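Engineer: Sharing a sequence plus its predicted fold:
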Amino acid sequence: MRMPLEVLRCIIHIGTIRFYDSLPQAGNCLLKGLPHRGSILYYRNIMRNGKRRSYTGKHPVDESLWKWVKGSHPILARLNPEELESLKELAVRFIRKKTFENPEGMTLGEEMKYSIAVQACLPVLYLGLEWYDNWHTVVVVPKSFRQQHQVRDAAGVVHEWSERDVGESWDKGPVVLSLEDVEDSGWCDGDNVVIHEAAHRLDLTDGEMNGRPELPRDLPAKRWFDVMSSAFADFSRRVEKGKRIRIDEYAAENDAEFFAVLTEYFFETPGVLLTSYPEVYELFSIFYRQDPAGTGNR
């Protein structure tokens with residue numbers, strides 16, 4: 001009995017992936033000779049095409065709805081057709097897996113659900129939806145909301161204050177998003193509340209929100225710490241001295257916010273992050289397995 005060609009190709013791909021995965025620094029040096037988009041995760045995604053087509057075939061997305069999604073989110077314009085199909089499949093799974101709540105009784109249509117889903121899934125396009133296993137519920141409120149904050153300093157003094165938030169991510173709890181700010185996201189201007197809160201969920205994968213998610217083998221923790229801490233210190237000094245900066249000052253709040261805000265810029269305006277902090281951009285390219293600025297270093 002002759003083996004079907006597609007089965008043979010699949011076996012070859014799986015063997016290649018297992019071989020490369022067994023080698024050190026696979027993501028950084030061994031794949032340089034592959035095509036421009038040639039990462040192991042990219043080829044693994046190609047192998048999953050049949051499964052994706054099967055899933056979206058069972059749960060199809062209305063053609064006019066998907067056309068609206070692509071046309072209304074300029075942040076997606078850099079993706080090729082293969083990546084858009086992958087993103088669609090992730091978005092469908094995200095919507096079916098997560099619970100959407102709107103406590104104020106407003107109607108949450110399919111357009112808004114897909115807007116949230118595609119932007120949330122963009123950072124995990126090459127990582128996989130399992131990175132959001134710690135995220136079960138999306139709470140959508142009409143506009144920014146006032147939130148009480150409390151922190152205890154090193155001397156044991158408790159400080160309390162109130163401020164308006166556009167989104168919030170709770171440890172082992174829901175992600176709260178302002179509908180008003182979701183509509184203002186995805187326009188390639190650096191502000192993206194969905195990606196910001198999604199980054200916080202990724203940050204929690206190592207057990208705490210500290211600006212360092214669970215890292216792949218080809219990204220040593222020491223390198224991450226050295227690059228991010230140096231960039232954070234530089235950014236904080238610039239903010240303190242009132243220097244002109246192209247990144248939202250909120251990034252100076254703490255390590256977790258620095259990671260979340262810079263993740264927004266990585267996907268929204270990658271050129272700004274690349275010119276401001278090229279080493280951070282390189283780190284993010286390795287972690288997210290994406291190169292939105294088109295530098296060829298992923």
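Structural biologist: Okay, I see it.
Engineer: Tell me where the chain has helices.
Structural biologist: 5-21, 40-47, 49-58, 63-72, 81-97, 110-121, 179-183, 193-203, 221-240, 255-268, 270-276, 278-288 (DSSP state H).
Engineer: The longest one - contacts with which helices or strands?
Structural biologist: For helix 221-240, the elements it packs on are helix 255-268, helix 278-288, judged by 3 or more C-beta pairs under 8 Å, 6 or more residues apart in numbering; DSSP states H and E. C-betas here are computed from N, CA, C, even on glycine.
Engineer: Roughly how far does Glu111 sit from Asp62?
Structural biologist: 10 Å (C-beta to C-beta, to the nearest Å).
Engineer: try Trp224
Structural biologist: To Asp62, Trp224 is 41 Å away according to C-beta to C-beta.
Engineer: What of Lys98?
Structural biologist: If you measure Lys98 against Asp62 using C-beta to C-beta, the figure is 19 Å.
Engineer: Same check on Thr205?
Structural biologist: Taking C-beta to C-beta, one finds Thr205 at 33 Å from Asp62.
Engineer: Give me the more crowded residue out of these two.
Structural biologist: Thr205 (17 against 10; other C-beta atoms under 10 Å).
Engineer: what's the neighbour count on the nearest residue to the more buried one once chain neighbours are set aside?
Structural biologist: In space, and not counting its chain neighbours, Thr205 is closest to Glu214: 4.1 Å by C-beta to C-beta, 6 or more residues apart in numbering. Close neighbours of Glu214, defined as other C-beta under 10 Å, add up to 13.
Engineer: ok, Glu214 to Trp131 distance?
Structural biologist: From Glu214 across to Trp131, the span is 8 Å (C-beta to C-beta).
Engineer: Identify the contacts common to the two.
Structural biologist: Taking C-beta atoms under 8 Å, 6 or more residues apart in numbering as the contact rule, Glu214 and Trp131 both touch Thr205.
Engineer: what's the closest non-adjacent residue to Ala91?
Structural biologist: Leaving aside its chain neighbours, Ala91 sits nearest to Ala117 (3.9 Å; criterion: C-beta to C-beta, 6+ apart).
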